[in-house]
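Undergrad: next one to model:
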Amino acid sequence: MNNIWPNDADGDILRKLLSNGFDFTEKYKIDFCIDFNNWPQPDGVKSVLYEYFTNLKVFEHEKYMLGVIHDYLTYDLVIKVQGEVTNLISNYGGACDSWGVLH
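TA: Numbering: from 1, shown residues only. From the prediction side, this is the model:
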């Protein structure tokens, strides 16, 4: 399983999780970090993100948002979510290119 992920940042994180005993057969809450070029975030962006994520957290002091999904952690899921969210918010000066999971 260790060699199935590409040699990029996301694959590296998945390999590290695997080496630490992460159970990929369970569903987890996966946090996707959403950053913007300017803060506060532009008007209308929250409603766009609420349509994508069932749980959205706004961290005003740190100037970012977290979109949370509950699913199986896979490389394809990570790439898909980051790409789709970035496409949704790129007109607002936003991007999603990092994620995390607690186990």
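Undergrad: element containing the most centrally placed residue in the chain, please.
TA: Nearest residue to the geometric centre of the chain (Cα atoms, centre = their mean): residue 32, 2.1 Å. Secondary-structure assignment from DSSP states H and E places residue 32 in strand 27-36.
Undergrad: so where's this structure shaky on pLDDT?
TA: 1-3, 103 (pLDDT under 70).
Undergrad: what about the helices in it?
TA: Counting by DSSP state H, the chain has helices at residues 9-19, 45-52, 75-89.
Undergrad: between the ones you listed, which one is closest to residue 63.
TA: helix 45-52 (13.1 Å; Cβ to Cβ). All C-beta atoms are positioned from the backbone trio N, CA, C, and that covers glycine.
Undergrad: quick one on the thing from earlier: the residue nearest to the centre of the chain touches residue 67, doesn't it?
TA: Yes. Using Cβ atoms under 8 Å, residue 32 is in contact with residue 67, at 4.6 Å.
Undergrad: which residues do the two both contact?
TA: Counting by Cβ atoms under 8 Å, 6 or more residues apart in numbering, the contacts common to residue 32 and residue 67 are 53, 81, 85, 96.
Undergrad: that older thread, run through who's touching the strand holding residue 32.
TA: Under Cβ under 8 Å, 6+ apart, the answer for strand 27-36 is 42, 45, 49, 53, 55, 63-73, 77-78, 81-82, 85, 89, 92-103.
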